[in-house]
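Student: I would like to see how this sequence folds:
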Amino acid sequence: MGHLDHATFGWLTPVLSYVMACVGAALGLQCTVRALGATGRSRRNWLLTAASAIGTGIWTMHFVAMLGFGVSGTQIRYDVPLTLLSLLVAMAVVGAGVFAVGYGSDRGRSLALGGLTTGLGVASMHYLGMAALRLHGDVGYDPAVVALSVVIAVVAATAALWAALNIKSTLAVAVASLVMGGAVSSMHYTGMLAVSVRVAPSGAALPGATTMQFIFPLAVGLGSYLFLTSAFVALSPSAGERAASASAQRPVGRTPP
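Tutor: This next block holds a predicted model:
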């Protein structure tokens, strides 16, 4: 059995991955709150941004954490198409959950459906990303720990969507984002505890790309997207602010003599 190291760079990758999860959650929740206060095309656009933010944040969290993952006795490579597919799955399935909440007429049912869908999307992204691993050996999983990680993902997603439906203040969204970031990180590292690797030493070249060739540049690019989009959302007026501005600019009628 190969020895698994989940933090080859010390606390750097766990802390940085948690930050990325929190940024994605904060942006996604803020966009969902904006969507619930909008109508028509504006609501759709906010929900699309929320889905891309949460999906990107979760994916970036996972692969930033994987930068610190190592197995003794073998190098690690990543299958590029499968890794990119995990990103698309994250955004698509999270998007389905966010839209269920954004357009559902029954909030309780929409929350349950959205939380389940989004949570399964988080778990699917994680294990699809793990399937992209290429190493000299066989990867196995503890079914009980895998099931626990999926439960954590569903509970975390449901709690985050509940926050989007019920919390409006910026401070409350920030607190909810910290909680969701912690839950997503917990899901990741719980899922990693389920992993075991039976190393089969070999001199053959591994297919795929190294983390520094592919994962690191992509994580930096997606992280930059999250921070730039966060700045845009922070500077974009809310529906209430636009209504107040329009009311202030409306000409006041003259008082008849």
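Student: For the rest of this, base every contact and every neighbour count on C-alpha atoms.
Tutor: OK.
Student: so how many other residues sit close to S236?
Tutor: 11 (other CA atoms under 10 Å).
Student: For it, give me the pLDDT.
Tutor: Model confidence at S236, expressed as pLDDT, equals 72.
Student: Also C31?
Tutor: 87.
Student: what do you get for S186?
Tutor: Note for S186: predicted pLDDT of 90.
Student: which ones are touching F227?
Tutor: With contact taken as CA atoms under 8 Å, 6 or more residues apart in numbering, F227 is in contact with V23.
Student: what's the distance between it and G70?
Tutor: 28 Å (CA to CA, to the nearest Å).
Student: now T8, what's its secondary structure?
Tutor: coil (DSSP: H, G, I helix; E, B strand; the rest coil).
Student: burial count for it?
Tutor: Neighbour tally, T8, other CA under 10 Å: 16.
Student: ok, now how distant is it from V71?
Tutor: In terms of CA to CA, T8 sits 10 Å off from V71.
Student: Okay, strands next: where are they in the stretch 101-250 of the chain?
Tutor: With strands called from DSSP state E, counting those that start in this stretch, the stretch 101-250 of the chain shows them at 133-135, 137-141, 195-199.
Student: Go ahead and name everything in contact with the last one.
Tutor: Under the contact criterion CA under 8 Å, 6+ apart, strand 195-199 has outside partners 1-4, 71, 73-74, 136-142.
Student: Type out the ChimeraX command that picks the buried ones from these.
Tutor: Entered in ChimeraX, the line below selects the buried ones among these, by 16 or more other CA atoms under 10 Å:
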select :2,4,71,73,74,136,137,139
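Student: want to throw the contacts of strand 195-199 into TSV with pLDDT and distance to A53?
Tutor: Converted to TSV, these look like this (pLDDT from 0 to 100; distance: CA to CA, whole Å):
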residue	pLDDT	distance to A53
M1	66	37
G2	69	35
H3	80	34
L4	84	30
V71	89	31
G73	86	37
T74	89	34
H136	90	34
G137	89	35
D138	90	33
V139	91	30
G140	92	31
Y141	93	29
D142	95	30
